[in-house]
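**Q** what follows is a predicted structure for the sequence shown.
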Amino acid sequence: MMRNTVLFEIRGKVAILTLNRPEKLNALDYATNDLLLRHLDEIERDGKIAAVIVTGAGERAFSAGADIHEFSESVRKGTDVAVRDFVRRGQAMTARVEAFPKPIIAAVNGIAFGGGCEITEAVHLAVASENAIFAKPEINIAIPPTFGGTQRLPRLAGRKRALEYLLTGDTFSPARAYEMGIVNSVVPHGDLQDTAFDMANRILRHSPLAVAGILAAVTRGLNVTIAEGLQIESERFARMAPTLDIREGLDAWIERRPPSYHGR
């Protein structure tokens with residue numbers, strides 16, 4: 001029987017996706033990558049789910065990155081196969097995570113190397129255990145990062161800080177990941193899940209339409225000029241203006257009561 005390589009659990013309004021190959025340090029083989037995308041499709045369609053937490057099974061790793069044995073076979077089959085099966089698949093996954101309309105929070109419980117670090121870069125928010133360790137080790141096997149790491153890390157950390165780790169492959173601590181903007185906070189290992197859920201619940205107090213609008217505006221706006229970004233911001237407001245949620249938010253504020261949002 002094949003193992004379910006991505007566990008899918010729902011707690012209240014929060015979905016938990018757990019990378020589940022602990023004996024392989026939760027390495028991202030093609031099947032795991034594809035299953036993660038299918039679960040995200042299901043979560044997007046489910047109106048009862050409002051946020052997502054991604055973590056890794058076991059005590060050692062969030063994800064050690066791509067499954068090298070698998071993608072090395074794609075490389076042997078030629079450039080076209082390797083780009084199609086490995087690069088495009090990984091980039092599609094991190095792009096989907098980055099542009100997802102519901103907040104995704106990484107709970108980084110251990111090793112986050114390569115693709116595991118790239119997922120952490122792509123998610124909207126991230127919390128790291130004190131036991132976590134990060135690296136961009138692709139240069140050790142003579143390739144650049146291929147799931148978006150050469151693009152997202154410089155945008156988060158700045159060019160020189162990103163290049164230090166992209167070009168050396170050295171590991172770095174969760175405290176350094178926090179300094180570079182890869183994670184929002186570093187917490188004791190035993191507090192990791194509770195901290196991620198607390199972050200999710202602080203978001204879930206608000207209108208899901210407004211949350212989705214902010215995610216879309218920020219994700220799209222990072223890659224355009226400020227003038228284009230301001231237009232995106234205006235468009236997101238225009239989408240909210242006729243909704244019941246904005247009326248409820250305004251009425252609740254004026255009446256000094258907690259709002260009750262319904263996502264419409």
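**A** Received, thanks. Numbers count the residues shown, from 1 in each chain.

**Q** shouldn't residue 143 be within a strand?
**A** No: using DSSP: H, G, I helix; E, B strand; the rest coil, the assignment for residue 143 is coil, not a strand.

**Q** count of residues packed around it?
**A** Residue 143 has 15 neighbouring residues, counting by other C-beta atoms under 10 Å. For every residue, glycine as well, the C-beta is placed using N, CA and C.

**Q** now do it against residue 76, distance only.
**A** 14 Å (C-beta to C-beta, to the nearest Å).

**Q** ok, now which ones touch residue 66?
**A** Counting by C-beta atoms under 8 Å, 6 or more residues apart in numbering, residue 66 touches 27, 28, 29, 86, 90, 114, 115, 146, 147.

**Q** out of those, name the ones that lie in helices.
**A** Counting by DSSP state H, the part of the contacts of residue 66 found in helices is 90, 115.

**Q** of the contacts of residue 66, which qualify as buried by neighbour count?
**A** Among the contacts of residue 66, those buried by neighbour count (16 or more other C-beta atoms under 10 Å) are 27, 28, 29, 86, 90, 114, 115, 146, 147.

**Q** export the residues you listed to a markdown table and tack on pLDDT?
**A** Listed next are the buried ones among the contacts of residue 66 as a markdown table, based on pLDDT from 0 to 100:
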| residue | pLDDT |
| --- | --- |
| 27 | 96 |
| 28 | 97 |
| 29 | 96 |
| 86 | 91 |
| 90 | 95 |
| 114 | 96 |
| 115 | 96 |
| 146 | 94 |
| 147 | 95 |
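
**Q** looking at the contacts of residue 66, which is nearest residue 172?
**A** Residue 172 has its nearest neighbour among the contacts of residue 66 in residue 114, at 13.4 Å by C-beta to C-beta.
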